[in-house]
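# From the sequence below, what's the structure:
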Amino acid sequence: MTRIGAVLTTRGRAFLAAGLTLLAGGLLLGFTDLTRVGVLLTALPMLADLSARHHRNRVVVTRTVHPARLVADQGARVSIVLHNSSGRRTRLQLAEEHVDYLLRDRPRFLLSAMVPGDIREVDYEIRSQVRGQFTLGPLTLRRGDPYGLATITVLLPGSTDILVLPRIEALGRERPRASGIGAEGSIPHMVALHGEDDVAVRSYREGDDLRRIHWPATAHRSELMVRQEDHPARRRAVIVLDSRAAGHEGSGATGSFEWAVTAAASVAAHLNEHQYSLHLASNETAAPGLATRAVELDDALTSLTMAQPGAARQLDEVLRWAQPLTSNGGLVIAIVTDHDELMLRRTAALRQPEGTGLMFLIDTGSFALPRPGASTDQTRAMADMVSAAGWGTCVVTSGMSVAQAWSIVSARSEVRVGAGR
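Have a look, this model is predicted:
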């Protein structure tokens, strides 16, 4: 139960204090008229309090966001529909939406009186310059009595979570190349030559297309067998993200970690456009063992949206999950920092002789003290070591875009990624 002091406005508390004072003075001095005025001034705030509590609303809130998922720096429109489901008329109320300060200031609007069954719709815009998960709501309604003596705030249940995805930079339209497609449960060259559906058969089920009957398998097993749906051979790409908090510098959108997340999202979108089978090896996928599963682009972007810097030991786990994915070749993209040489050597070992490795080596010192275009001798020495191991390498400094880094790393790779066939 809300205390009366929390419901009364400043005016209401002043009326109550004056009334109690006059009431006490009238009783002590024996002035009947003064006592009557004191009773009146004391009763008015109490009646206003009862009135504010008595008129309870049954307002149902429905919230819709267009688009439901947005990218950093992209605006979205939020539509709030309020429905008066009670059997009485509501009063004029002040509504306030709880919104994370990173999205915008809290929107406030006046909600006019609503008859039973009435509907009101209010729109407002949000925009975030940082990725992450945010909550819209709940909505609070503030109403008072006609004399401004009391006000009460009601919290309407219901909220909506939205995802602000990382920025995605365009990396060109050319189809990437790699020297091996990587195995997806079949021998790579057999899949490339014959396709997957030549050996994928199953028992006939009612409703199956008779044109898909596999007659050799039917004759061999003495039962109807049909070919599985086509699963075109897809090249495999493994994206490795170094999320060590100790290895990154800077903060916010200009920090090295945000650059790494943006690079991972941009590369994932680019490779998905060219029908690559994507695997994301990061803190978010290594812990539950999701790194071994091919992920859709939306799922990869969701994981990157929630990515946060972690402990150094987590990179060990990430590399452990990535190792079997690259053992049969394929394309490996590593986004790592120049934190230490040992982990860099372990990352470089992911690329197999028949595979292609592309590495973004982040010069974190340039993000701590912005020196666009400059990198330390130690970082360049690390890059030379990785390049000698057969990787296409780019030293990333503060101020460099992902598209620029991709162009450099593709040009320096053993197989020209992004070049025409």
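# is it true that Ala403 touches Ala170?
Yes. Using CB atoms under 8 Å, Ala403 is in contact with Ala170, at 6.6 Å. To be clear about C-beta, it is placed using only N, CA and C from the backbone, and glycine gets the same treatment.
# hey, what's in contact with both of those two?
Ser266 (CB atoms under 8 Å, 6 or more residues apart in numbering).
# more neighbours, these two?
Neighbour count, other CB atoms under 10 Å: between Ala403 and Ala170, Ala403 has more, with 15 against 12.
# Would you state the helices of the protein in chain order?
4-7, 10-29, 32-54, 188-194, 215-221, 256-273, 283-286, 297-305, 313-326, 341-348, 364-368, 377-388, 402-411 (DSSP state H).
# hey, which strand is longest across this structure?
For the chain, the longest strand by residue count, based on DSSP state E, is strand 132-144.
# and that strand, which strands flank it?
The pairing partners recorded for strand 132-144 under DSSP bridges are strand 93-99 (antiparallel), strand 151-156 (antiparallel), strand 160-165 (antiparallel).
# Report the buried residues of the longest one.
Using 16 or more other CB atoms under 10 Å as the test for burial, strand 93-99 gives 93, 95, 97, 99.
# before we move on, what about stretch 298-318?
Buried residues in stretch 298-318, defined by neighbour count with 16+ other CB under 10 Å: 299-305, 307, 309-310, 314-315, 317-318.
# Any idea how far apart the tips of it sit?
20 Å (CA to CA, to the nearest Å).
# What are the contacting residues of that stretch?
Residues from elsewhere that reach stretch 298-318 (CB under 8 Å, 6+ apart): 131-133, 163-166, 239-248, 257, 261, 264-265, 268-269, 272, 278, 280-287, 290-291, 295, 339, 343.
# ditto for stretch 33-43
By CB under 8 Å, 6+ apart, the list of residues contacting stretch 33-43 from outside reads 15-16, 18-27.
# Show me which of the residues you listed is closest to Asp118.
For these, the closest approach to Asp118 (CB to CB) belongs to Phe15, at 32.9 Å.
# for that closest one, what are its contacts?
Phe15 makes contacts with 41-42, 44-45, 149, as judged by CB under 8 Å, 6+ apart.
# what about Gly38, how many neighbours?
Using other CB under 10 Å, Gly38 has 21 neighbouring residues.
# One more: Ala237?
Counted with other CB under 10 Å, residues neighbouring Ala237 total 28.
# So what pairs up with it in the strands?
Leu278, Leu331.
# do you know how far it is from Asp316?
22 Å (CB to CB, to the nearest Å).
# got any ranges where the stretch 251-400 of the chain has weak pLDDT?
Filtered on pLDDT under 70, the stretch 251-400 of the chain yields the residue ranges 289, 369-375.
# can you do 90?
For the stretch 251-400 of the chain, residues meeting the criterion pLDDT under 90 lie at 251-254, 274-275, 284-294, 312-313, 321, 324-330, 339-340, 352-355, 365-366, 368-378.
# what about burial for the contacts of stretch 33-43, which qualify?
Buried, going by 16+ other CB under 10 Å: 15-16, 19, 22-23, 26, out of the contacts of stretch 33-43.
# Out of those, which is nearest to Asp49?
Leu16 (9.4 Å).
# who's in contact with that closest one?
Going by CB under 8 Å, 6+ apart, Leu16 touches 8, 41-42, 45-46.
# Highest neighbour count among the residues you listed?
Ranked by neighbour count (other CB under 10 Å), the contacts of Leu16 have Pro45 at the top, with 26 neighbours.
# Could you report the distance from it to Arg36?
Distance of Pro45 to Arg36, computed by CB to CB: 16 Å.
# Could you do Ile213 as well?
With distances taken as CB to CB, Ile213 is found 100 Å from Arg36.
# Ok, Trp215 next?
Distance from Trp215 to Arg36, counting by CB to CB: 106 Å.
# who has more neighbours, these two?
Taking neighbours as other CB under 10 Å, Trp215 and Arg36 compare with Arg36 leading, 13 against 9.
# Contacts only, for the closest residue to Gly255 other than its chain neighbours.
Counting by CB to CB, 6 or more residues apart in numbering, Phe367 is the residue found nearest to Gly255 once chain neighbours are left out, at 6.0 Å. Shown in contact with Phe367 (CB under 8 Å, 6+ apart): 248-250, 254-256, 259, 398.
# Which among those residues count as buried?
Buried members of the contacts of Phe367, scored by 16+ other CB under 10 Å, are 248-250, 255-256, 259, 398.
# Nearest to Ala383, out of the buried residues of strand 93-99: which one, please.
Of all those, Ala383 sits closest to Val99, with 43.7 Å by CB to CB.
# Now do the same contact list for the closest residue to the closest one other than its chain neighbours.
Nearest in space to Val99, with sequence neighbours left out and distances taken as CB to CB, 6+ apart, is Arg106 at 5.3 Å. By CB under 8 Å, 6+ apart, the contact set of Arg106 is 96-99.
# ok, Arg106 to Met46 distance?
32 Å.
# same deal with Leu94?
Per CB to CB, Leu94 is found 23 Å from Met46.
# Repeat that for Ser251.
Ser251 is 53 Å from Met46, by CB to CB.
# Then Thr347?
Thr347 is 72 Å from Met46, by CB to CB.
# Out of the buried ones among the contacts of Phe367, which comes closest to Pro324?
Of all those, Pro324 sits closest to His248, with 26.9 Å by CB to CB.
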